[in-house]
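Peer 1: Give me a model of this one.
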Amino acid sequence: MAQIGARGDSLDARRRLFGTRDVDLLSRPVIDTDRLRGRGAKSNESGRFEAHRREMFADGWEPEPEETFETREHIERARSIITRNVSPDIGFDRSINPYRGCEHGCSYCYARPSHAYLGHSAGVDFERDIYVKVNAAELLRAELANPRYRPKPIAIGTNTDPYQPVERKHRLMRSILKVLLETKHPVTIVTKSALIVRDLDILTKLARHDLVAVGMSVTSMDHKLSRFMEPRASTPSRRLEALKLLSEAGIPTRIMAAPMIPAVNDHELERILDAGKAQGADAASIILLRLPGEVRDIFREWLLKTYPDKVRHVMNLVRDTRGGRDNDPRFGSRFKGEGPYALLMQQRFEKAIIRLGLEKGGPALRTDLFTHAKKDEPQLSLF
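Peer 2: All right, here's what the predicted structure looks like:
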């Protein structure tokens, strides 16, 4: 079987880079870089719920044909579309995710572990096995037609990006927005894609009734770094251009410096906020790097490949913000972190938004205009 995990540097050298507590990661097989063009993850470990664990290794025989990592679409007819949550540190109680998996390929994406529930790896599989909920608008219409439904803003883009590349083909977001406009239902959108301007006509109509707000995530202003971190997301300049078009159309916008990674892009915080303000953003937010579940090892593999001389320093800073651990899942601290470094980041953010006149939260969206959707059923109502 073909070997896919060979690294040129010695084990002892990599131990010095990682430190002894990270040594287990060093034996994980990674895939040849040439086969991963446009992907963020460097490995494809079996999902944590799988009965068997599969690893590639060199057994001395002739190599088998190498696996390609092109995007695979899975058409899914979902049973429900609005997801509920009761998390006390999240400003919404319902969300929609038209897609499962995300082609953008962010190595740090906290949504990666969710792919294990589908029998996939949180690594490359998360970026190439995309589940498309083709009946999303149909389900949304049915749920909004329920007489017992009471409106509150629906958040879209909280798990995977609704404007990732496959949206160009399937146009699920456009069909969802049409239903929301018809029912005058409030919605918030978070994305890293300039594709959102395709739906500017619908978003503008929603904005006239105070029914929409958009958050544009910009992780770095450095195009090269952005390409390494988010290989299939829009470039920083295109995101800022989209932010400007949205703002000029009267749509409330927020610049999101997320995530801030210690010793990688944290020095760009003020520059990102300045750029967002210059393009018309009304508000801003910041999120510190989170490494839940499998994301920890996927990010560290990316770090070893991209910044081998920074691995130990970056991970030590991450642990300083998480009470000595790689991740802190507690409500209230998981987004901000704790300790001197996290406090410094928050102070820098506070000073920057005061200087720029940016708000922390988004605008209050209206719910009083909501009207229940008309059912597609031919049967007449009894009342």
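Peer 1: Now do the helix ranked longest in the chain: which elements does it pack against?
Peer 2: Assignment by DSSP state H gives helix 339-356 as the longest helix of the chain. Applying 3 or more Cβ pairs under 8 Å, 6 or more residues apart in numbering; DSSP states H and E, we find helix 339-356 packed against helix 269-278, strand 283-288, helix 311-320. (C-beta placed from N, C-alpha, C; glycine too.)
Peer 1: want to throw these into TSV with mean neighbour count, mean pLDDT and distance to Lys133?
Peer 2: Formatted as TSV, these follow (neighbours: other Cβ atoms under 10 Å; pLDDT from 0 to 100; distance: least, Cβ to Cβ, whole Å):
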stretch	mean neighbour count	mean pLDDT	distance to Lys133
helix 269-278	19	98	31
strand 283-288	21	96	26
helix 311-320	18	95	34
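Peer 1: what's the burial count for Arg355?
Peer 2: The tally of other residues near Arg355 (other Cβ atoms under 10 Å) stands at 12.
Peer 1: Low-confidence bits of this structure, can you list those?
Peer 2: 1-37, 49-68, 376-383 (pLDDT under 70).
Peer 1: Try it again at 50.
Peer 2: Along the chain, segments meeting pLDDT under 50 span 1-9, 23, 65.
Peer 1: Which parts of it are helices?
Peer 2: So, for the chain - with DSSP H - the helices run 11-18, 124-128, 136-145, 167-170, 172-183, 200-208, 223-229, 236-248, 269-278, 295-306, 311-320, 339-356.
Peer 1: would TSV of those helices with distance to Glu73 be doable?
Peer 2: TSV is the format used below for these (distance: least, Cβ to Cβ, whole Å):
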stretch	distance to Glu73
helix 11-18	36
helix 124-128	10
helix 136-145	14
helix 167-170	8
helix 172-183	12
helix 200-208	24
helix 223-229	24
helix 236-248	24
helix 269-278	33
helix 295-306	22
helix 311-320	34
helix 339-356	38
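Peer 1: Ok, which of those comes nearest Ser333?
Peer 2: helix 339-356 (8.5 Å; Cβ to Cβ).
Peer 1: Contacts for the closest one next, please.
Peer 2: 257, 260, 262, 266, 269-270, 273-274, 277, 284, 286, 288, 317, 320-321, 323, 336-337, 358-360 (Cβ atoms under 8 Å, 6 or more residues apart in numbering).
Peer 1: With respect to Ala122, which of the helices and strands packed on helix 339-356 lies nearest?
Peer 2: The nearest among the helices and strands packed on helix 339-356, by Cβ to Cβ, is helix 311-320 at 18.2 Å.
Peer 1: From the contact counts, what lies against that closest one?
Peer 2: Judged by 3+ Cβ pairs under 8 Å, 6+ apart, the packing partners of helix 311-320 are helix 11-18, helix 295-306, helix 339-356.
Peer 1: Next, the angle strand 283-288 makes with that helix.
Peer 2: For helix 311-320 against strand 283-288, the angle by axes from the mean of the first three to the mean of the last three Cα atoms, to 10 degrees is 110 degrees.
Peer 1: For helix 311-320, what is the distance to the chain centroid?
Peer 2: 22 Å (Cα atoms, centre = their mean, to the nearest Å).
Peer 1: about what we covered before: please work out which of the helices of the chain is packed deepest.
Peer 2: helix 124-128 (a mean of 26; mean count of other Cβ atoms under 10 Å).
Peer 1: Distance from the chain centre to that one, please.
Peer 2: With Cα atoms, centre = their mean, you get 13 Å for helix 124-128.
Peer 1: which outside residues touch that helix?
Peer 2: Contacts of helix 124-128 (Cβ under 8 Å, 6+ apart): 31, 36, 39-41, 43-44, 47, 69-72, 101-105, 109, 111-112, 115, 120, 232.
Peer 1: Repeat the analysis, applying 7 Å as the threshold.
Peer 2: 39-41, 44, 69-72, 101-103, 105, 112, 115, 120 (Cβ atoms under 7 Å, 6 or more residues apart in numbering).
Peer 1: Are any of those residues buried, and if so which?
Peer 2: Neighbour-count burial (16 or more other Cβ atoms under 10 Å) applied to these gives 39-41, 44, 69, 71, 101-103, 105, 112, 115, 120.
Peer 1: Tell me which of the helices of the chain sits nearest to Lys375.
Peer 2: helix 136-145 (4.7 Å).
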